[in-house]
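quick one, structure for this:
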Amino acid sequence: MIQAQAQLELRSAYYAPDGAGPFVAATREDVVAQLGGNVPPGVEILPMKAERKIVDPNQPPPPAQISGYMAVEKTAVITGSDLQTANPTQGEWNNTVVSFGLRVGAADRFGNFTRTHINKQMPIVLDGRIESAPVIRAEIRTSGQIEGSFTWAEADELALTLRSGALPARILTLEERTVGPSLGRDSIRDGLRAALLGAAFTCIFMLIYYKLAGINAIVALALNMLVLFAAMAQMGATLTLPGIAGLALTVGMAVDANVLIFERIREELDAGKTVKGAVEAGFNKAFSAIFDSNATTIIAALFLIGYGTGPVKGFAVTLIIGLLANMFTAVFVSKTIFEAILQRPIKSLSI
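Model (predicted):
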């Protein structure tokens with residue numbers, strides 16, 4: 001639309017002195033024949049764009065075809081510079097119309113013209129072609145409506161035509177480039193690399209700081225990722241760059257839950273409890289903190305889903321699934337692993 005735009009003009013269809021008109025035919029020669037073989041001074045014959053039915057507004061409209069020709073006055077009543085607004089809206093009878101507004105300086109001129117041309121056609125000319133030819137039903141001054149059997153998409157296209165025609169100069173293309181998906185592929189690759197490196201260093205830290213108990217956290221973390229990827233695959237979700245960010249944050253949240261549990265177990269062991277009693281007390285006392293932190297984060301993510309756009313929603317969905325998996329793996333899976341180890345009596349725990 002930008003590349004094809006030209007000066008917009010609202011003109012009058014030509015009517016003979018005896019009131020005959022408008023003069024419309026399938027070919028230019030037929031219109032000339034209707035005019036008696038000669039085109040009157042101040043009149044020209046312009047092609048009329050065929051009606052295009054837009055079924056899907058998300059798809060580009062079909063190419064415009066010429067439906068015929070019409071004799072119109074050369075002098076424009078209104079040009080694009082006189083137009084202030086143009087938007088699709090609902091009409092008085094709940095039909096789709098195009099509402100437009102004019103600048104103050106053009107109101108008197110347009111009002112005088114429409115008052116003397118009621119029930120006559122007023123072609124909308126763009127780039128030497130008639131886009132539409134509505135009939136004037138009443139006097140129009142600062143604002144008016146273009147009615148027709150429009151769908152919303154068709155009315156939106158006509159409004160866009162009116163607005164784009166207000167630009168004073170044609171756009172000349174000097175250079176055109178197409179950017180492929182390499183940028184997105186590089187970003188996703190770098191994001192995955194960052195998430196994997198973060199997870200790897202997190203696992204190393206857990207092994208160094210919590211010793212053999214760190215293996216418990218790593219197993220829970222691996223199962224967390226497995227549940228997350230399985231849920232995304234079931235939903236048919238695509239792992240985008242914001243989703244990778246949610247994945248990296250999920251790794252941190254999962255390990256954070258294990259840190260809370262392990263530190264509680266350490267405190268209970270320092271207080272003199274047995275290994276089995278310390279593990280039981282550690283999980284019981286850490287559960288409320290884990291639940292609260294995950295629940296508040298899920299609430300925030302739900303608002304991101306409700307009010308965010310596509311990429312933000314992808315981040316929030318990944319985060320919520322990861323947090324729900326975290327609640328399961330950090331509390332129940334880790335506890336099950338400890339209980340399996342404590343089936344036989346042990347005096348100390350490597351934590």
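
now the longest helix seen in the chain, how far from the centre of its chain.
Across the chain, the longest stretch assigned as helix under DSSP state H is helix 275-307. Distance, stretch centre to chain centre, for helix 275-307: 34 Å (C-alpha atoms, centre = their mean, to the nearest Å).

repeat for stretch 270-282
With C-alpha atoms, centre = their mean as the basis, the mean position of stretch 270-282 lies at 53 Å from the chain mean.

what of stretch 220-233?
That offset, for stretch 220-233, works out to 29 Å (C-alpha atoms, centre = their mean).

pull out the buried positions in the helix or strand of the chain with the lowest mean pLDDT.
Lowest mean confidence among the helices and strands of the chain (mean pLDDT, DSSP states H and E): helix 152-164, at a mean of 79. By neighbour count on 16 or more other C-beta atoms under 10 Å, the buried set for helix 152-164 is 153-164. The C-beta positions use only the backbone N, C-alpha and C, and glycine is treated the same way.

then stretch 118-134?
Buried residues in stretch 118-134 (16+ other C-beta under 10 Å): 120-126, 130-134.

reformat the residues you listed as CSV; add pLDDT and distance to E176.
Formatted as CSV, these follow (pLDDT from 0 to 100; distance: C-beta to C-beta, whole Å):
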residue, pLDDT, distance to E176
K120, 91, 43
Q121, 91, 38
M122, 90, 36
P123, 90, 33
I124, 85, 29
V125, 84, 28
L126, 76, 23
I130, 87, 29
E131, 80, 26
S132, 82, 30
A133, 87, 34
P134, 86, 36
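
and the furthest pair within those residues?
With C-beta to C-beta as the measure, no two of the buried residues of stretch 118-134 lie farther apart than K120 and L126, at 19.9 Å.

now, the buried residues of stretch 118-134 that are in strands?
Cross-referencing the buried residues of stretch 118-134 against strands under DSSP state E gives 124-126, 130-132.

so who does T89 touch?
The contact partners of T89, taken as C-beta atoms under 8 Å, 6 or more residues apart in numbering, are 96-99, 145.

so L83 touches G105, yeah?
No: with contact defined as C-beta atoms under 8 Å, L83 and G105 do not form a contacting pair (11.7 Å).

comparing those two, which shows the higher neighbour count?
Neighbour tally, L83 and G105, criterion other C-beta atoms under 10 Å: the higher count belongs to L83, 19 against 9.

who does the more buried one form a beta bridge with?
L102 (DSSP bridges).

low-confidence ranges, the stretch 201-350 of the chain, go.
Along the stretch 201-350 of the chain, segments meeting pLDDT under 70 span 310.

count of neighbours near Q65?
11.

and it, what's its pLDDT?
Q65 carries a pLDDT value of 74.

and the gap between it and A50?
Note on Q65: its distance to A50, by C-beta to C-beta, to the nearest Å, is 4 Å.

do the same with D127
For D127 relative to A50 (C-beta to C-beta), the value is 15 Å.

check I130 too.
I130 is 11 Å from A50, by C-beta to C-beta.
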